[in-house]
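K.L.:
Structure for the following, please:
(2 chains)
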Amino acid sequence: MILTHNIAHNIPFISIFIAIFAGIVTPLISDGRKSRIFHLSAVAAVGILSALLLIHVNANQERFTFLMGHFPSPWGNELKAGPMEAVMAVVFSVVMFLTVTGGQYMIEKDILPEKQNLYYVMLNLLFGSMLALIYTNDIFTGYVFIEINTICSCAVIMSKDSGNGILATIRYLIMSILGSGLILFSIAMLYTVTGHLLFPQLKSGVMKLVNTGYYSFPLMITAGLFTLGIAVKSALFPFHTMLPGAYDAATPSSSGILSGLVLKSYIIFLIKVYYCVFTIEYLKEIKITNLIFFLGVCGMIFGSVMALKERRIRRVLAYSSVAQIGYIYMGLGLGTSVGVTAAMLHVVAHAVTKSLLFVCTGRMKDISLAGEADHCLKGIGHKDRIAGIGFTVGALSIIGIPLFAGFASKLYLAIASFYSPVKMAVALIMLAVSMVLNAMYFIPPVVDIWHPLTEKDANSKIVPCVVPTFAAAVVLFIAVNFLVGTCYDRIYDIFEVGVALMH
Amino acid sequence: MDNNSHDNMGKWEKFFRWVNGEDSIDSVWEKELRSRVIGRRKQRRKSMEENITKINSYGRKFYILLSVFVTVAYIGILLYTASLLPEHGAPLNPANNEVSKRYIESGVEETGAINIVSAMILDYRAFDTFGETVVLFTSVTCVAILLKRDKNNICAREDREAALDEAALNSDKSAILKFVARLVFPIITLYGIYVILNGHLSPGGGFSGGTIIGAGLILYSSAYGEHRARQFMSGKRFTGITAAALLVYFVSKGYSFFTGGNHIESVIPTGTPGKLLSGGLILPLNICVGVVVACTMYGFYSYFTKGDI
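P.N.:
From the prediction side, this is the model:
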């Protein structure tokens, strides 16, 4: 036991406040480098605190509430944290730290020096809002931080200040606002029929309505709108059109964070609302689980098919994100605790992998632009081995090769499908098909990257300068990927406890 | 409209254009500018028409039909749902429960604020309001990233227009505006401060008062030009004031959350309800919110018109 209860229980509140504090203070630092160091130290501090919290809640197997003020549950705001939240906070901090470190030299190139500190303001606030979405116990607090999250996401896409970026941002903004609007409608209706905003009271209110049969149609619409809103915001299959342009136009760190973390923070909020407000039984009754299962499966296939058609590597990664989001929704759609736990493991696996891929792709594209007229990736791996290896590891992990993070989550998704007999066949077949498709679009770039250099290329090889921060970040990313890929059973156990405690 | 018809148009039309602010400055090269802009507009319209004929294919029609269908279905479902919701203001509604009861009955005693809305947003649910204040700060920073003048978004036309604006302000043409602004600006500001300071006693508070002050600042800036406005609100001062207000909110509410979460008694007195200095943290928080809102409003205006503060 490292911490006493009292101190450990402050960690969620302190984490959110550290991130927001960094966001408020950074505009006063006009230097980009200092802002970055400040941002990274804030993220590191949150990461260390979250790790301590994880050790604490895992040892005690507890899930606790923290009052934000002097008024308890139906009246004031609250935070709630358990093993699931703690793991997510740790993963988010680690991925955020490594993605920014790995992409920092690209941030320096892509964003004007006088605006770099504003970019870090946005990253800090984005991080704070994601932490708040993870920890909140109040549906309206969730909405407020979804707003911050939306604005910051758009800011980090457009901060590169290119025509494409602005266009992509507008598209992203429209889709995000559509999602926010649906969520807000749903929250308003939920408040009208239950009279509460905090999760525990909402849950008892919903249970009462389900048992008595009052307002059954509005309640169903509420659950549907909420799911739809989060689905739009997290780019579930038919609502994915905002991703490719945005990830292609943004600086690599932004793309990595948006794809690896931001989409996931909404899904975590969705899982919390599913368990702590609507309950899985009710969602099964109104068939919403079937809907998200169906959309998830469609996403797995169509995302991969569209990725196959793409030529630009970052758009391929974006469509691959669509497919991976499909996996997560498929896990949720199974409608069992096992399915949700597997989906959470996939959240972690994908966060760790996709950010690595974006950081490496950014680096490879940068070298190829510096050395060649067209930016084809042939033989790039020989120019920067670390980037090549990083990309290869990421690709193998996404495909689901054992020892890497992606394998673990897909294994558990497959196992989880056994618990829902009706959906089992579809889930297993689609998992297999999607894995083959993943391999079809991830193996060719890997082969291209390691394409042997011709005599002429080898002679005219421009040796790019080694970027130590990038190399260190990628090595750590690979280590984290191995760690998740080998110790997945431990993480799964923690999630299992976390899900059980959410009931 | 080209130059000839512009000269030949009727008196009334000219008057309307002047009222609409389209015809305020009659300089030679503004006309030139207009003809150039119109030429560009014509080109754009032409290419747009070409595009429309190009995309008027079968798939496009299907897409439009589908989107109309989805929207209509969505409106229908929402309207039907709204018709099933509890009647507005009925006494037995689910929303009339122990939550609002406590806000109404013990709000004054527990928070010291007469205005229950202020008590709710700045004491009971202050974390949400903190989030909302940060939303404003975030959005103004976001606008700064997009519109703040840098080497990528400077163009000669904007510079010329800014110079024209400045010249117009220095001439006698805006004498009425200047006079009225000088007369009204102090009153607006004073009223805004009154609304903020009385936020815990009467309807109002930081959000509404801040908006009023922001409107006053915008009026002043548009009447006297950016040079005069910059004398009291420079970019650095803007950032400093906003960050300071947010930090005060952050620290005071952080203290309150910390003591509340750890079940420690807070030492901040609630005072006598009805007095100006009462309501615990609500008065300082209202001031912070007011400052942030006023700065955000003014920031939006400045970035959108001049690209800088």
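
K.L.:
Can I get the helix or strand where A:I151 lies in PDB, CA atoms only?
P.N.:
In the assignment (DSSP states H and E), A:I151 maps to helix A:139-158. This file holds the C-alpha atoms of helix A:139-158, laid out as PDB (Å, rounded to 0.1, in the frame of the first residue of the first chain):
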ATOM      1  CA  ILE A 139     -23.700  13.200 -17.800                       C
ATOM      2  CA  PHE A 140     -23.800  17.000 -18.200                       C
ATOM      3  CA  THR A 141     -20.200  17.400 -17.100                       C
ATOM      4  CA  GLY A 142     -19.500  14.800 -19.800                       C
ATOM      5  CA  TYR A 143     -21.200  17.100 -22.400                       C
ATOM      6  CA  VAL A 144     -19.300  20.200 -21.300                       C
ATOM      7  CA  PHE A 145     -16.000  18.400 -21.800                       C
ATOM      8  CA  ILE A 146     -17.200  16.900 -25.100                       C
ATOM      9  CA  GLU A 147     -17.500  20.600 -26.200                       C
ATOM     10  CA  ILE A 148     -13.900  21.400 -25.200                       C
ATOM     11  CA  ASN A 149     -12.800  18.200 -26.800                       C
ATOM     12  CA  THR A 150     -14.500  19.100 -30.100                       C
ATOM     13  CA  ILE A 151     -13.100  22.600 -30.300                       C
ATOM     14  CA  CYS A 152      -9.600  21.400 -29.400                       C
ATOM     15  CA  SER A 153      -9.700  18.500 -32.000                       C
ATOM     16  CA  CYS A 154     -10.500  21.000 -34.700                       C
ATOM     17  CA  ALA A 155      -7.800  23.300 -33.500                       C
ATOM     18  CA  VAL A 156      -5.100  20.600 -33.600                       C
ATOM     19  CA  ILE A 157      -6.100  19.600 -37.200                       C
ATOM     20  CA  MET A 158      -6.100  23.200 -38.600                       C
END
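
K.L.:
and the helix or strand following that helix, does that touch chain B?
P.N.:
Using DSSP H and E, the next helix or strand after helix A:139-158 towards the C-terminus is helix A:163-194. Yes - counting by CB under 8 Å from any CB of the partner chain, contacts between helix A:163-194 and chain B involve A:166, A:185, A:189, A:191-194. Glycine gets a C-beta too; all of them are placed from N, C-alpha and C.

K.L.:
And the buried ones among those, selectable in ChimeraX?
P.N.:
A single ChimeraX command is used to select the members of these judged buried by 16 or more other CB atoms under 10 Å in any protein chain shown:
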select /A:185,189,191,192,193,194
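
K.L.:
of the residues of helix A:163-194 next to chain B, closest to A:T150?
P.N.:
Set against A:T150, the nearest of these by CB to CB is A:F185 (15.7 Å).

K.L.:
contacting residues around that closest one?
P.N.:
A:225, A:229, B:78 (CB atoms under 8 Å, 6 or more residues apart in numbering or on different chains).

K.L.:
Can you give the domain ranges for chain B?
P.N.:
In terms of domains, chain B is parsed into B:3-84, B:115-305 (source: automatic domain parsing).

K.L.:
And the helices in chain B?
P.N.:
B:3-8, B:11-19, B:28-55, B:58-84, B:98-111, B:116-119, B:126-147, B:156-170, B:175-197, B:206-232, B:235-261, B:282-305 (DSSP state H).

K.L.:
residues in contact with the shortest one?
P.N.:
Spelled out, that is helix B:116-119. Against helix B:116-119 from outside (CB under 8 Å, 6+ apart): B:103-104, B:107-108, B:110-111, B:113, B:199-200, B:203, B:205, B:279, B:282, B:286.

K.L.:
repeat that with 10 Å
P.N.:
By CB atoms under 10 Å, 6 or more residues apart in numbering or on different chains, the surrounding residues in contact with helix B:116-119 are B:100, B:103-104, B:106-108, B:110-113, B:124-126, B:129, B:198-206, B:279-280, B:282-283, B:285-286.

K.L.:
Now that you've got the residues you listed, can you turn the buried subset into something I can paste into ChimeraX?
P.N.:
Buried members of the contacts of helix B:116-119 can be picked out in ChimeraX with the line below, counting by 16+ other CB under 10 Å:
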select /B:100,103,107,108,110,111,112,113,124,125,126,129,198,199,200,201,204,205,206,279,280,282,283,285,286
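
K.L.:
check the contacts of helix B:116-119 against chain A, which are close?
P.N.:
B:100, B:103, B:106-107, B:110-111, B:124-126, B:129, B:280 (CB under 10 Å from any CB of the partner chain).

K.L.:
where does the chain have low pLDDT?
P.N.:
Because you didn't say which chain, this covers chain A. Residue ranges of chain A with pLDDT under 70: A:1-5, A:369-376, A:455-464.

K.L.:
oops, chain B please
P.N.:
Applying pLDDT under 70 to chain B flags residues B:1-11, B:14-41, B:48-57.
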